[in-house]
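Trainee: Mind looking at a prediction? Sequence and model below.
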Amino acid sequence: MRPSRLFDVFSTIKHTALIFDGRANKSLKDSLVQAVDALPAETFQKAYIIPSTSSLDSDNGPGSADYVVKDEQGHAFKHFGVSEEDVSVVIVRPDAMVGAFSLTEAGVRKYVSAVFNK
């Protein structure tokens, strides 16, 4: 599914993990994607955000992503304060507030542990 606006992705009943795919090294990207893939589907949905310079195809987003969103005008990267050079995860709570901003797998796990006591 390709939403036309990022706000169409957010859910009022689940957290949304936004994976911003910058141009960082592949091992960092893979570790963050694995951390997000481990999140429980009953409480999280996953959206893969790619910059406008990327092409949308099956190699761009992880298979577990609920959405792949091409940031055509750079608004998502800019307004979430994410560099197109880095891979980042932003977790948006069901009330549409940012719950976490992480550049590491440990940061994703820390958020889940703090919020869900897991």
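Mentor: Noted; the coordinates are in hand. Numbers count the residues shown, from 1 in each chain.
Trainee: Please enumerate the strands of the protein.
Mentor: Here the chain has its strands, by DSSP state E, at 15-20, 44-51, 67-71, 88-92, 98-102.
Trainee: Comparing these by mean pLDDT, which bottoms out?
Mentor: Out of these, strand 67-71 stands lowest, with a mean of 87 (criterion: mean pLDDT).
Trainee: angle of it against strand 44-51?
Mentor: If you take axes from the mean of the first three to the mean of the last three C-alpha atoms, to 10 degrees, strand 67-71 sits at 30 degrees to strand 44-51.
Trainee: For residue 105, give me its contacts.
Mentor: Counting by C-beta atoms under 8 Å, 6 or more residues apart in numbering, residue 105 makes contact with 31, 32, 34, 35. Every residue, glycine included, has its C-beta placed from N, CA and C.
Trainee: Export these as JSON lines, with columns for neighbour count.
Mentor: Listed next are those as JSON lines, based on neighbours: other C-beta atoms under 10 Å:
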{"residue": "31", "neighbour count": "15"}
{"residue": "32", "neighbour count": "25"}
{"residue": "34", "neighbour count": "13"}
{"residue": "35", "neighbour count": "21"}
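Trainee: Just the closest of these to residue 78, please.
Mentor: Comparing these against residue 78 with C-beta to C-beta places residue 32 closest, at 20.1 Å.
Trainee: and the gap between the closest one and residue 102?
Mentor: 8 Å (C-beta to C-beta, to the nearest Å).
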